[in-house]
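*Asks:* What follows is a predicted structure for the sequence shown.
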Amino acid sequence: MSERHPVRAEPGHVEVLAQRADSVDPATQAQFVSQFVYLGRQPILDRDGALNAYELLFRSGAHNYAEVSDDAQATAQVVARTIGGIGVPAVLGPHRGFVNIDRALLFNDIVHLMPPERFVLEILETVTFDAQLVRRLTDLRRAGFQVALDDVSELSSELIAVLPYADIVKIDFLLTQPAALAKLASVVRGHGKTLIAEKVETRDDFMLARELGFDLFQGYFFARPQVLAAPRNRSPRPALLRLLALLSRDAGIVELEAELKLNPSVVVQLLRLVNSSAFGLGRDIASLREAVIATGTRQITRWAQLLLYADGGDLPWRADPLVQLAGTRSRFMELAANWLRPADDDFADAAFMTGIFSLVHVVLGSTPAAVLEKLGLAPQIREAIVSRSGPLGTLLRIAEAAGEGADAASIAAGSDAPAGFAALTPELLAELNLSAAAWFGAHIEEAAA
């Protein structure tokens, strides 16, 4: 991955910043940061020097360098900004985008917001491969995604072991010993993988990479990263909550269309989602109804869930422990539901919604019954929250206990628990709790920007 200063301007609502952030006074810079979303991109070229793809880079402001404290947070924001904040056509044109992704987000449903023909999943070098990850990568590749291994710098038994589960290998020219390059490239090419030379700094680097049979090239020698900026569209959280409630009870197109008409900022982001090539329409969307039909309710649900944690500004989400608890709880319940019933997506979706709305009455300053009645949630979700009954109610009690550090496993193993719940052992519950916390952390940073 290369990091440098952008060099040119482009027309349209997306601005390519050509001014160094440190040349702008702090007050102006702060104002810009609050009004715009930012994204970096660096070209990846083919052997003829033609543009083949972009690597997408996290940017928190107009300055052209990354300030990443959490890989999952950075990736979630790159996805949100590319698809909804700026838009795939403006960011990528007809080309593919390489997105750095860590282990937590590989297992997150957010991955499926990215059209597989437009995005390459670039696995960070910090990710540890195991049987669970191999299964996940196999599923993602079966769904059409290409997988790239990032920052490879040496030939090792570990690399040989993971090559069958990748399509592309990015070899770091700065870190790789010159004497080792030829053999490393030969072995990777022998496995039928696409070779990318990254951090190519000089013409000599480029000529060597060509000679060794590299397919694609990235680095300062060709182009520096650009910083794209676009006006920030904030999505009010009460609107997102209402939209999620409608989606949870399989509301009709007319109801969804009516709700969306009340929230232009959500519509803007939805249309950008539709205009990504994920839906292969090949034409413009002429109405909200057409957008809803083209997108599908499951994709809209995924997007609304992402926006709920990656955007907004009506409440201080980052500092509010109740909201943090609701976000972590909802993901915990979804993960547990997936574990209990792997083939039942409806149960997992309902579990997530139960967690989301289990504390919303506190956030909105009302009673559970009043809030849930207005939202029109499905009966099993309402009963789970109000009376802790049914499988979702048991799952909610387990989530509450896990969040408080209590003995959640005893609830799962209790005589009144549904069949199969005893599989939620203390070790598994601890793992799910950590995964849920990591997921929530990946979506929180944008709200504080």
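*Replies:* Happy to help now that I have it.
*Asks:* Any stretches of the stretch 301-449 of the chain with poor pLDDT?
*Replies:* Confidence mapping of the stretch 301-449 of the chain against pLDDT under 70 gives the ranges 305-324, 360-367, 370-371, 373-377, 440-449.
*Asks:* Show the residue spans covered by the helices in it.
*Replies:* Using DSSP state H, counting those that start in this stretch, the helices found in the stretch 301-449 of the chain span residues 321-340, 345-357, 360-363, 368-375, 379-387, 390-403, 408-412, 426-448.
*Asks:* Which helix or strand contains Arg210?
*Replies:* Taking DSSP states H and E as the criterion, Arg210 maps to helix 203-211.
*Asks:* what does that helix contact?
*Replies:* By Cβ atoms under 8 Å, 6 or more residues apart in numbering, the list of residues contacting helix 203-211 from outside reads Arg47, Phe173, Leu181, Ala197, Val200, Phe217, Gly219, Phe221, Phe222. The C-beta positions use only the backbone N, C-alpha and C, and glycine is treated the same way.
*Asks:* how about the second one, what does it touch?
*Replies:* Residues in contact with Phe173 (Cβ under 8 Å, 6+ apart) are Leu181, Ala197, Glu198, Lys199, Val200, Glu201, Asp205, Ala209, Gly219.
*Asks:* sorry, back to before: quick one, which of the helices of the stretch 301-449 of the chain is nearest to Leu121?
*Replies:* The closest of the helices of the stretch 301-449 of the chain to Leu121 is helix 426-448. By Cβ to Cβ, the value is 15.1 Å.
*Asks:* angle of the strand ranked longest in the chain against helix 203-211?
*Replies:* Ordering each strand of the chain by length in residues (DSSP state E) puts strand 36-46 first. Here strand 36-46 runs at an angle of 60 degrees relative to helix 203-211 (axes from the mean of the first three to the mean of the last three Cα atoms, to 10 degrees).
*Asks:* Just the buried positions in stretch 221-234, please.
*Replies:* Phe221, Phe222, Ala223, Arg224, Pro225, Gln226, Val227, Leu228, Ala229, Ala230, Arg232, Asn233 (16 or more other Cβ atoms under 10 Å).
*Asks:* Centre of the chain to it, how far?
*Replies:* Remark: stretch 221-234 is offset 18 Å from the chain centroid, using Cα atoms, centre = their mean, to the nearest Å.
*Asks:* mind saving the C-alpha coords of that stretch as CSV?
*Replies:* Output in CSV follows, covering the C-alpha atoms of stretch 221-234 (Å, rounded to 0.1, in the frame of the first residue of the first chain):
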residue,chain,number,x,y,z
PHE,A,221,6.6,5.6,-9.5
PHE,A,222,3.2,5.5,-11.3
ALA,A,223,0.9,7.7,-9.3
ARG,A,224,0.4,9.1,-5.8
PRO,A,225,-2.9,8.5,-3.9
GLN,A,226,-5.7,11.0,-4.4
VAL,A,227,-8.0,12.2,-1.6
LEU,A,228,-11.7,12.4,-2.7
ALA,A,229,-14.1,14.5,-0.8
ALA,A,230,-17.9,14.7,-1.0
PRO,A,231,-20.6,16.4,1.1
ARG,A,232,-21.6,14.4,4.1
ASN,A,233,-25.1,13.1,4.1
ARG,A,234,-26.2,12.4,7.7
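*Asks:* and that stretch, average pLDDT?
*Replies:* Mean per-residue pLDDT for stretch 221-234: 76.
*Asks:* how close does the residue nearest the centre of the chain sit to Leu240?
*Replies:* By Cα atoms, centre = their mean, the chain has its centre lying nearest to Ala76, at 3.7 Å. Ala76 is 16 Å from Leu240, where distance means Cβ to Cβ, to the nearest Å.
*Asks:* cool, Gly296 as well?
*Replies:* Gly296 is 18 Å from Leu240, where distance means Cβ to Cβ.
*Asks:* These two: which has the busier surroundings?
*Replies:* Leu240 (23 against 13; other Cβ atoms under 10 Å).
*Asks:* Which strand or helix spans the more buried one?
*Replies:* Element membership for Leu240 (DSSP H and E) is helix 237-248.
*Asks:* Same check on Glu154?
*Replies:* Using DSSP H and E, no helix or strand contains Glu154.
*Asks:* ok, the residue nearest to Ala413 when sequence neighbours are not counted to Ala343 distance?
*Replies:* Ranked by Cβ to Cβ, 6 or more residues apart in numbering and with sequence neighbours excluded, the top spatial neighbour of Ala413 is Ala422, at 4.5 Å. Distance from Ala422 to Ala343, counting by Cβ to Cβ: 19 Å.
*Asks:* Show me the one of the helices of the stretch 301-449 of the chain that comes nearest Ala90.
*Replies:* For Ala90, the closest of the helices of the stretch 301-449 of the chain is helix 426-448, at 18.6 Å, according to Cβ to Cβ.
*Asks:* coming back round to it: surely the residue nearest to the centre of the chain is in contact with Leu105?
*Replies:* Yes - Ala76 lies in contact with Leu105 (Cβ atoms under 8 Å); the separation is 6.7 Å.
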